[in-house]
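Enquirer: heads up, no residue letters with this:
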(Lines give C-alpha, C1' and ligand atoms only; values in the text may rest on other atoms or scores of the structure.)
Protein backbone atom coordinates (compact mmCIF):
# COMPACT_ATOMS: atom_id res chain seq x y z
CA UNK A 1 0.00 0.00 0.00
CA UNK A 2 1.03 3.57 -0.56
CA UNK A 3 1.61 5.65 2.54
CA UNK A 4 -0.72 8.53 3.36
CA UNK A 5 2.05 10.13 5.33
CA UNK A 6 3.21 13.42 3.89
CA UNK A 7 6.14 12.80 1.59
CA UNK A 8 9.74 12.93 2.70
CA UNK A 9 10.09 15.99 0.46
CA UNK A 10 7.57 17.71 2.73
CA UNK A 11 9.63 16.66 5.75
CA UNK A 12 6.76 14.97 7.63
CA UNK A 13 5.65 11.41 8.40
CA UNK A 14 2.63 9.90 10.17
CA UNK A 15 2.79 6.50 11.84
CA UNK A 16 0.78 4.37 14.23
CA UNK A 17 1.73 1.63 16.66
CA UNK A 18 0.94 -0.27 19.81
CA UNK A 19 2.44 -0.60 23.23
CA UNK A 20 1.87 -4.31 23.84
CA UNK A 21 1.87 -6.07 27.18
CA UNK A 22 1.16 -9.55 28.48
CA UNK A 23 0.75 -10.87 31.97
CA UNK A 24 3.23 -13.34 33.41
CA UNK A 25 3.32 -14.53 37.03
CA UNK A 26 1.43 -11.50 38.30
CA UNK A 27 3.53 -8.94 36.38
CA UNK A 28 3.03 -6.97 33.20
CA UNK A 29 5.67 -7.52 30.56
CA UNK A 30 6.08 -5.00 27.74
CA UNK A 31 7.30 -5.84 24.24
CA UNK A 32 10.21 -3.79 22.94
CA UNK A 33 11.94 -4.25 19.59
CA UNK A 34 15.51 -3.47 18.52
CA UNK A 35 15.69 -1.95 15.04
CA UNK A 36 18.38 -3.20 12.68
CA UNK A 37 19.00 0.35 11.41
CA UNK A 38 20.50 2.26 14.29
CA UNK A 39 20.00 -0.45 16.91
CA UNK A 40 17.51 1.58 18.94
CA UNK A 41 14.86 -0.07 21.13
CA UNK A 42 11.24 1.03 20.71
CA UNK A 43 7.63 -0.13 20.43
CA UNK A 44 6.21 -1.59 17.20
CA UNK A 45 4.98 1.09 14.80
CA UNK A 46 4.95 2.04 11.13
CA UNK A 47 3.59 4.37 8.51
CA UNK A 48 -0.13 4.76 7.96
CA UNK A 49 -1.03 3.47 4.49
CA UNK A 50 -3.66 4.79 2.05
CA UNK A 51 -7.18 3.85 3.14
CA UNK A 52 -6.18 2.99 6.71
CA UNK A 53 -7.24 4.67 9.89
CA UNK A 54 -4.77 4.87 12.77
CA UNK A 55 -5.98 1.75 14.59
CA UNK A 56 -6.00 -0.39 11.44
CA UNK A 57 -2.47 0.80 10.58
CA UNK A 58 -1.23 0.10 14.11
CA UNK A 59 -2.71 -3.43 14.06
CA UNK A 60 -1.24 -4.17 10.63
CA UNK A 61 2.20 -2.94 11.67
CA UNK A 62 2.19 -5.06 14.84
CA UNK A 63 1.28 -8.11 12.78
CA UNK A 64 4.00 -7.40 10.21
CA UNK A 65 6.73 -6.58 12.72
CA UNK A 66 6.00 -9.19 15.42
CA UNK A 67 3.59 -11.80 14.05
CA UNK A 68 1.27 -10.98 16.97
CA UNK A 69 -2.32 -10.72 15.81
CA UNK A 70 -4.30 -11.52 18.96
CA UNK A 71 -4.76 -8.10 20.54
CA UNK A 72 -7.15 -6.94 23.22
CA UNK A 73 -7.15 -3.18 22.73
CA UNK A 74 -7.50 -1.16 25.94
CA UNK A 75 -10.38 1.27 25.31
CA UNK A 76 -9.73 4.98 25.66
CA UNK A 77 -5.94 4.91 25.42
CA UNK A 78 -4.47 6.97 22.60
CA UNK A 79 -1.17 8.79 22.96
CA UNK A 80 0.81 10.90 20.51
CA UNK A 81 4.52 11.17 20.16
CA UNK A 82 6.04 13.94 18.04
CA UNK A 83 9.72 14.18 17.33
CA UNK A 84 12.28 15.14 14.69
CA UNK A 85 15.03 13.05 13.17
CA UNK A 86 17.42 13.24 10.24
CA UNK A 87 17.23 10.90 7.24
CA UNK A 88 20.09 11.54 4.87
CA UNK A 89 20.33 15.31 4.70
CA UNK A 90 16.63 15.93 5.40
CA UNK A 91 15.07 16.80 8.75
CA UNK A 92 11.82 14.88 9.26
CA UNK A 93 9.00 15.69 11.67
CA UNK A 94 7.32 12.46 12.74
CA UNK A 95 3.96 12.10 14.49
CA UNK A 96 3.18 8.66 15.89
CA UNK A 97 -0.14 7.66 17.44
CA UNK A 98 0.08 4.79 19.93
CA UNK A 99 -2.64 2.51 21.18
CA UNK A 100 -2.42 0.06 24.06
CA UNK A 101 -3.21 -3.65 23.87
CA UNK A 102 -2.84 -6.83 25.85
CA UNK A 103 -1.93 -10.11 24.20
CA UNK A 104 -1.59 -13.70 25.30
CA UNK A 105 0.92 -14.42 22.55
CA UNK A 106 4.43 -14.82 23.90
CA UNK A 107 6.20 -15.85 20.70
CA UNK A 108 7.46 -12.99 18.53
CA UNK A 109 8.23 -13.50 14.83
CA UNK A 110 10.41 -10.53 13.90
CA UNK A 111 10.32 -8.79 10.54
CA UNK A 112 13.50 -7.95 8.65
CA UNK A 113 13.34 -4.47 10.21
CA UNK A 114 14.23 -5.79 13.66
CA UNK A 115 17.11 -7.77 15.08
CA UNK A 116 15.84 -8.56 18.56
CA UNK A 117 12.83 -8.39 20.85
CA UNK A 118 12.24 -8.68 24.57
CA UNK A 119 9.28 -8.96 26.94
CA UNK A 120 10.33 -6.88 29.95
CA UNK A 121 8.90 -5.68 33.24
CA UNK A 122 8.31 -1.93 33.52
CA UNK A 123 11.63 -0.92 35.07
CA UNK A 124 13.72 -3.00 32.66
CA UNK A 125 11.67 -1.89 29.63
CA UNK A 126 12.18 1.71 30.69
CA UNK A 127 15.96 1.18 30.89
CA UNK A 128 16.05 -0.62 27.53
CA UNK A 129 14.08 1.97 25.55
CA UNK A 130 16.51 4.20 23.70
CA UNK A 131 14.61 7.47 23.47
CA UNK A 132 13.18 9.64 26.25
CA UNK A 133 9.93 10.00 24.27
CA UNK A 134 9.43 6.20 24.41
CA UNK A 135 10.06 6.22 28.16
CA UNK A 136 7.51 9.02 28.57
CA UNK A 137 5.00 6.93 26.62
CA UNK A 138 5.66 3.90 28.83
CA UNK A 139 5.07 6.04 31.93
CA UNK A 140 1.74 7.15 30.45
CA UNK A 141 0.81 3.51 29.76
CA UNK A 142 1.67 2.46 33.32
CA UNK A 143 -0.45 5.28 34.76
CA UNK A 144 -3.37 4.12 32.60
CA UNK A 145 -2.98 0.46 33.54
CA UNK A 146 -2.72 1.14 37.26
CA UNK A 147 -6.43 1.93 37.13
CA UNK A 148 -7.32 -1.45 35.56
CA UNK A 149 -7.71 -4.44 37.92
CA UNK A 150 -5.23 -7.26 37.37
CA UNK A 151 -6.65 -10.62 36.37
CA UNK A 152 -5.52 -13.86 37.98
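Expert: Looks like it arrived, so ask away. Source: prediction; values computed, not measured. Numbering: from 1, shown residues only.
Enquirer: burial count for residue 121?
Expert: Using other C-beta atoms under 10 Å, residue 121 is surrounded by 12 other residues. C-betas here are computed from N, CA, C, even on glycine.
Enquirer: With residue 98 instead?
Expert: Residues near residue 98, counting by other C-beta under 10 Å, number 23.
Enquirer: tell me the contacts of it?
Expert: Counting by C-beta atoms under 8 Å, 6 or more residues apart in numbering, residue 98 touches 16-19, 43, 45, 58, 78-81, 137.
Enquirer: helix or strand right after the worst-scoring helix or strand of the chain on mean pLDDT?
Expert: The helix or strand of the chain with the poorest confidence is strand 79-87; it has a mean of 86 (mean pLDDT, DSSP states H and E). Of the helices and strands lying after strand 79-87 in sequence (DSSP states H and E), the nearest is strand 90-102.
Enquirer: where's the closest residue to residue 98 other than its chain neighbours relative to residue 40, distance?
Expert: Counting by C-beta to C-beta, 6 or more residues apart in numbering, residue 98 lies nearest to residue 79, which is 4.8 Å off, once chain neighbours are set aside. Separation of residue 79 from residue 40 (C-beta to C-beta, to the nearest Å): 19 Å.
Enquirer: ok, now residue 72?
Expert: Residue 72 is 27 Å from residue 40, by C-beta to C-beta.
Enquirer: now swap in residue 50 and tell me
Expert: Where residue 40 is concerned, residue 50 sits at a distance of 27 Å (C-beta to C-beta).
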